[in-house]
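K.L.:
Curious how this folds, go ahead:
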Amino acid sequence: MDLFDAATSGTQGTPRPGPGAPLAVRMRPAALDEVAGQEHLLVAGSPLRRLIEVDGPGASRAAPGSVILWGPPGTGKTTLAYLIATTSGRRFVELSAVTAGVKDVRQVIDDARRRLATGGEETVLFIDEVHRFSKSQQDALLPSVENRWVTLVAATTENPSFSVNSPLLSRSLLLTLKPLTSGDVRALVHRALVDERGLGGAVTLAEEAEEHLVRLAGGDARKALTILEAAAGAALSEVPDAPVRTTDRPDDGAPAASDAVGQGDAPGQGGAHGEGEGAGTPDGEIAATDEEPAEPRAVVVDLETMERAIDVAAVRYDRDGDQHYDVTSAFIKSVRGSDVDASLHYLARMIAAGEDPRFIARRIVISAAEDVGMADPSALQTAVAAAQAVALIGMPEARIILAEAVVHLATAPKSNAAYLGIDAALADVRAGKVGTVPAHLRDAHYAGAKELGHGKGYKYAHDAPHAVARQQYLPDVLQGTRYYTPSDRGFERSVTERLERIRQILGD
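P.N.:
Residues are numbered from 1 along each chain as shown. Next up, the predicted model:
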């Protein structure tokens, strides 16, 4: 550790935020009781708590050796990694999958092994965005995880089943973080307002502004604190440097009306008491003309200031108070319900609010597959073409393209049979109903495959009548299972007739 690292890092090597660090960094939880929204991972005796709270020499051996934290942005993945190191007294090393390579990984592991060999502390290796690591980079971690040379804490926003190598996944404990609730976000915002690490009581939030902030955060603590910091900065920039007093005085520095000598009387006549001295005081003492300045009042961040700050923070949503997710939900449900007029209405509200047209286009593509499906396969073609055209053309003309796609989907026949089919198949796979691939369907192109019986007896479909070859396709445990049941609407009506004939030939 060099002088720079010593100045910017804590005892275990975790970053030490300076006074100029972003609010979200300064307010990072320093203890487990400050972590919000992940109570399901921190109950007594849970793997994560055992990893963080190491009591006694044998406790570390009972704790998980490697964990993968999977969750949306701003839910506490990095925070938990820091707490694992600081609370347990382990050394902390952080690598970013965006910038680190195999050489960096091996250097950290070699250093960790040397420390263990000389009786030094254990090392927590935190890898952020682990899904960005290539296969070779992930493979470089395997020996250290298997032999517990380091305690690996990997964070990802992508599904590890698809983004993390199976060998690494099998050696790690997968922990899923939940999006923060509105109550969780609200509690974090309240803490940041009063905590000395945060805004220290310099500002308060008006109720409407707070509701707007929580709504926009969408369960992301980092986003909530970023918006709060921008709004607080906008509000404080409008306040003069002089502290705000609790009593009002004229601008020219003259005594306030309550301090004037003998209000309404000539000087020396004493006013109501009839005496020149002690005028304006009931006990005859001279009235004070210099008051101690009161503590500065907290500046109120109102809704207007919040909206102005959001523009600065480049987070644009409906200024009329429409809830982003509610409008999006109503849009999708109107398309699904075939109400073309309501669909266009909610599309217009999103466009007018400044919503990213690419986001709208993505929702249309999803709706085409989920809600229209095989009842009108051309709807997906229209939706994909619209998404590509929106990216090419941009606003304001993109509104016409989006409208055309919305009209097509809303007026098309509907079927979710394909959607239900894949979900049913996934449910079986996740429940362990997989079985082995029939031998005649296995890959037979490599040397030695035929000796294993791979491909033996396979029937080439194009050589069969109607190009449908009768043979077993599903594993034994799933024989006779039906996942796809077409509807009687639109194009799928003809699919139903053809599928019945196919299944007769297959003997299903």
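
K.L.:
pLDDT below threshold where in the chain?
P.N.:
For the chain, residues meeting the criterion pLDDT under 70 lie at 1-15, 54-64, 240-296, 311-323, 508.

K.L.:
Kindly format the C-alpha coordinates of the host helix or strand of residue 215 as CSV.
P.N.:
Counting by DSSP states H and E, the element that carries residue 215 is helix 207-217. Presented in CSV, the C-alpha positions along helix 207-217 are these (Å, rounded to 0.1, in the frame of the first residue of the first chain):
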residue,chain,number,x,y,z
GLU,A,207,-43.8,16.3,1.1
GLU,A,208,-44.5,16.5,-2.6
ALA,A,209,-40.8,16.7,-3.4
GLU,A,210,-40.1,13.6,-1.3
GLU,A,211,-42.9,11.6,-2.9
HIS,A,212,-41.5,12.6,-6.3
LEU,A,213,-38.0,11.5,-5.4
VAL,A,214,-39.1,8.2,-4.0
ARG,A,215,-41.2,7.5,-7.1
LEU,A,216,-38.3,8.3,-9.5
ALA,A,217,-35.7,6.3,-7.6
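
K.L.:
Which strands and helices lie in contact with it?
P.N.:
Secondary-structure packing of helix 207-217 (3 or more C-beta pairs under 8 Å, 6 or more residues apart in numbering; DSSP states H and E): helix 182-194, helix 221-236, helix 303-312. In this view, the C-beta of every residue, glycine as well, is placed from N, C-alpha and C.

K.L.:
Just give me the neighbour total for the nearest residue to residue 96 once chain neighbours are set aside.
P.N.:
Using C-beta to C-beta, 6 or more residues apart in numbering and skipping the chain neighbours, the partner closest in space to residue 96 is residue 128 (5.3 Å). Residues lying near residue 128 (other C-beta atoms under 10 Å) number 20.

K.L.:
contacting residues for residue 128?
P.N.:
Residue 128 is in contact with 77, 78, 94, 95, 96, 97, 155, counting by C-beta atoms under 8 Å, 6 or more residues apart in numbering.

K.L.:
where's the closest residue to residue 104 other than its chain neighbours relative to residue 117, distance?
P.N.:
Of all residues not flanking residue 104 in the chain, residue 95 sits nearest, at 5.9 Å (C-beta to C-beta, 6+ apart). Separation of residue 95 from residue 117 (C-beta to C-beta, to the nearest Å): 22 Å.

K.L.:
Counting neighbours, go ahead and name the busier of these two.
P.N.:
Counted by other C-beta under 10 Å, residue 95 and residue 117 do not tie: residue 95 has more neighbours, with 21 against 9.

K.L.:
re earlier: quick one, which of the helices and strands packed on helix 207-217 is packed in tightest?
P.N.:
Highest mean neighbour count of the helices and strands packed on helix 207-217: helix 221-236, a mean of 22 (counted as mean count of other C-beta atoms under 10 Å).

K.L.:
Return the backbone torsion pair for residue 220.
P.N.:
phi -110, psi 110 (degrees, to the nearest 10).

K.L.:
Setting the sequence-adjacent residues aside, check what's closest to residue 386.
P.N.:
Closest residue to residue 386 apart from its sequence neighbours, by C-beta to C-beta, 6+ apart: residue 405 at 3.8 Å.

K.L.:
How about residue 374?
P.N.:
Using C-beta to C-beta, 6+ apart, the nearest residue to residue 374 is residue 492, at 4.7 Å.

K.L.:
count of neighbours near that neighbour?
P.N.:
Residue 492, neighbours per other C-beta under 10 Å, totals 22.

K.L.:
ok so, going back, the residue nearest to residue 104 - that's part of a strand, no?
P.N.:
Yes: under DSSP: H, G, I helix; E, B strand; the rest coil, residue 95 falls within a strand.

K.L.:
picking that back up, the helices and strands packed on helix 207-217: which one's closest to residue 204?
P.N.:
Across the helices and strands packed on helix 207-217, residue 204 has its closest neighbour in helix 182-194 (6.5 Å, C-beta to C-beta).

K.L.:
and the angle from the closest one to helix 221-236?
P.N.:
Using axes from the mean of the first three to the mean of the last three C-alpha atoms, to 10 degrees, the inter-axis angle of helix 182-194 relative to helix 221-236 is 40 degrees.

K.L.:
For helix 182-194, name the packing helices and strands.
P.N.:
If contacts are counted by 3+ C-beta pairs under 8 Å, 6+ apart, helix 182-194 sits against strand 203-205, helix 207-217, helix 221-236.

K.L.:
And the strands in the protein, which stretches?
P.N.:
66-70, 91-96, 123-128, 151-156, 173-176, 203-205, 299-301 (DSSP state E).

K.L.:
Alright, calling it a day.
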